[in-house]
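Peer 1: Next come a sequence and a model predicted from it.
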Amino acid sequence: MKFFTERNLTFALIGSIVLGVGIGAIAQATEAAPLVRFIESIQIFGKLFLRTLTMIVVPLVLFSVITGMANLHGTGEVRRKVFKVLGFFLLTSFFAVLIGIFYTNIIQPGAGTDAEELRASLPETSLQAAGETQESIALRAPESVIDFIDMQIDNIFQNPFKSMAETNLIGVVFFGLFLGFMLMLCGSQARSAIDFFNAINEALMKMVTVIIWLAPPGILALASNLAMTMGPEIVGPMGKYFATVCLALLTHILIVYPLILKFMCGYSPIKFFKGIYEAQILAITTSSSAATMPVTLRVVEEHLGVDKRSADLVVPMGATINMDGTALYEAIAAMFIAQLLGYELGLMQQILVFFTATLAAIGAAGVPQAGLVTMVVVFNALGLPLEWMALIIVVDRPLDHLRTVVNITGDATGAVYLSTSEGDMNPEISSAAEI
Ligand code: ASP
């Protein structure tokens with residue numbers, strides 16, 4: 001019997017969270033020296049897990065955007081459509097992140113805890129490892145819009161190797177898209193290079209599935225340490241954080257997409273949801289847009305009436321780069337931790353969250369927990385200590401299932417948008433849904 005299955009991973013993750021929190025809580029209550037020593041000594045597993053995530057994130061993002069772009073070979077007509085869809089995807093991602101930022105500001109899931117105490121509980125080494133303090137967050141915050149643009153120019157037009165070494169995602173994504181676009185233009189001449197990037201991308205995705213098995217011991221270590229140093233007062237904020245993500249996902253799926261369908265596509269949202277529910281069920285069970293892609297393709301063509309050429313163009317592209325659920329999730333998670341630690345996030349820092357979360361979602365692969373990997377980037381941009389990702393990891397699994405549903409719903413909406421705007425919907429199927 002196979003051991004390394006998705007099901008076993010879920011059990012292992014839940015088990016490690018329960019065990020970790022349990023051991024940590026006992027250690028906090030009893031202050032038993034052997035238990036405290038045990039928790040301290042297993043912290044290397046937490047470190048190992050976080051280090052491997054940091055290790056993989058840049059190559060994963062780079063190869064994912066290069067291949068996403070390079071595989072879109074085709075005629076000028078196809079290229080025009082590609083840019084149209086890219087614009088659409090970017091727009092919906094922006095909406096998603098804005099919704100996430102909005103709710104986090106309103107609900108303030110991380111506020112109200114004793115920030116000083118929490119920060120004091122953070123091991124000195126982790127602050128040093130992250131190389132950050134609150135002052136450094138203030139330092140990297142731009143002072144004006146011009147200042148912000150100036151910083152972004154520095155970041156975007158950067159030596160790609162420097163961007164990679166510094167986990168400067170905007171530089172990595174820009175270079176990757178540029179290179180991918182040029183490879184696409186080169187067409188058959190660049191075939192072997194594109195095949196090479198595709199193969200590496202596949203291998204990197206497989207690396208993620210291996211690395212994720214470091215999560216159970218890693219989470220056991222990180223969760224026990226957090227429970228030992230923080231105690232039960234963290235439960236309330238965690239609940240609020242979970243609810244904030246759910247609320248933002250619901251708003252995006254139940255308000256933004258239906259409005260787009262109705263007003264931009266003239267398509268009935270009810271018919272739309274009735275048509276795609278099979279793909280949504282698969283997304284919630286697999287938490288992978290990539291694994292769901294064949295079904296998404298089938299339902300948009302056969303149930304919604306999207307033209308095959310439009311579907312073939314939009315859905316694979318969406319499964320690679322369009323992750324609205326992931327985008328809003330990354331923004332909320334990073335802001336939640338910043339609030340917990342009592343860091344002030346002014347307008348400029350929120351703009352930084354806005355861009356990095358969007359980019360992190362573009363760079364996330366359509367596989368389970370990929371959003372967690374690219375979260376490193378948002379944390380780095382804000383200067384948040386990576387150890388605090390432990391709190392995010394604890395509830396990442398259920399949220400992954402939910403955000404994947406939003407991700408694939410966004411892909412299907414994109415397909416309807418392209419096909420209706422190009423006027424090539426299959427009239428036999430779509431006429432019933434026209435409004
Ligand atoms: N699991 C998500 C997807 O495949 C990506 C993520 O982790 O957010 O769409």
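Peer 2: Alright, I've got the coordinates. Remember, predicted model here, so these are calculated numbers, not experimental data.

Peer 1: residues touching F83, list them.
Peer 2: By Cβ atoms under 8 Å, 6 or more residues apart in numbering, the contact list for F83 is empty. Glycine gets a C-beta too; all of them are placed from N, C-alpha and C.

Peer 1: could you say which helix or strand contains it?
Peer 2: Following DSSP states H and E, one finds F83 within helix 76-107.

Peer 1: Kindly state the pLDDT recorded for the spatially most central residue of the chain?
Peer 2: The centroid of the chain falls nearest to G371 when counting by Cα atoms, centre = their mean (3.0 Å). Note on G371: pLDDT of 89.

Peer 1: does it really touch H401, like I thought?
Peer 2: No: in this structure, G371 is not within contact of H401 by Cβ atoms under 8 Å, at 11.7 Å.

Peer 1: For the residue nearest to the centre of the chain, what is the enclosing helix or strand?
Peer 2: helix 370-382.

Peer 1: what comes into contact with that helix?
Peer 2: 53-54, 56-57, 60-61, 137, 167, 169, 208, 323, 326, 329-331, 333-334, 337-338, 343, 345, 349, 352-353, 356-357, 359-361, 363-364, 385-386, 388-389, 392-393, 396, 400, 403.

Peer 1: near the ligand, from the residues you listed?
Peer 2: Intersecting these with the contacts of the ligand gives M323, T326, A364, D400, R403 (criterion: Cβ under 6 Å from any ligand atom).

Peer 1: for the residues you listed, which one is nearest the ligand?
Peer 2: T326 (3.5 Å; Cβ to the nearest ligand atom).

Peer 1: what does the average pLDDT come to for the helix or strand harbouring that closest one?
Peer 2: Using DSSP H and E, T326 maps to helix 324-340. Computed over helix 324-340, the mean pLDDT rounds to 95.

Peer 1: I'd like to know which elements it is packed against.
Peer 2: helix 76-107, helix 235-251, helix 347-363, helix 370-382, helix 389-394, helix 396-422 (3 or more Cβ pairs under 8 Å, 6 or more residues apart in numbering; DSSP states H and E).

Peer 1: could you redo the last one with a cut-off of 10 Å?
Peer 2: helix 76-107, helix 115-121, helix 235-251, helix 347-363, helix 370-382, helix 389-394, helix 396-422 (3 or more Cβ pairs under 10 Å, 6 or more residues apart in numbering; DSSP states H and E).

Peer 1: what separates whichever residue of the stretch 251-400 of the chain sits closest to the ligand from F45, distance-wise?
Peer 2: Here the residue of the stretch 251-400 of the chain nearest the ligand is G371; by Cβ to the nearest ligand atom that distance is 2.8 Å. Distance from G371 to F45, counting by Cβ to Cβ, to the nearest Å: 22 Å.

Peer 1: One more: S188?
Peer 2: From S188 to F45 the distance is 48 Å (Cβ to Cβ).

Peer 1: Neighbour count: the two, which is higher?
Peer 2: Neighbours per residue (other Cβ atoms under 10 Å) separate S188 from F45, with F45 holding more: 19 against 8.

Peer 1: Would you mind listing what in this structure touches the ligand?
Peer 2: Counting by Cβ under 6 Å from any ligand atom, the residues of the chain near the ligand are 287-289, 323, 326, 364, 366-371, 400, 403-404, 407.

Peer 1: Between these, which sits nearest V315?
Peer 2: Closest approach to V315 among the residues of the chain next to the ligand (Cβ to Cβ): S289, at 9.4 Å.

Peer 1: pLDDT value on the closest one, please?
Peer 2: 91.

Peer 1: Let me know whether it touches A319 as I believe.
Peer 2: Yes: counting by Cβ atoms under 10 Å, A319 is a contact partner of S289 at 4.3 Å.

Peer 1: intersection of neighbour lists for the two?
Peer 2: T296, A365, G366, N407, I408, D411 (Cβ atoms under 10 Å, 6 or more residues apart in numbering).

Peer 1: can you tell me which two in those residues are farthest apart?
Peer 2: T296 and A365 (15.7 Å).

Peer 1: intersection of neighbour lists for G371 and H401?
Peer 2: Counting by Cβ under 10 Å, 6+ apart, the shared contacts of G371 and H401 are S287.

Peer 1: For the ligand, give me its nearest residue in the stretch 101-250 of the chain.
Peer 2: Closest point on the stretch 101-250 of the chain to the ligand, by Cβ to the nearest ligand atom, is V208, at 9.7 Å.
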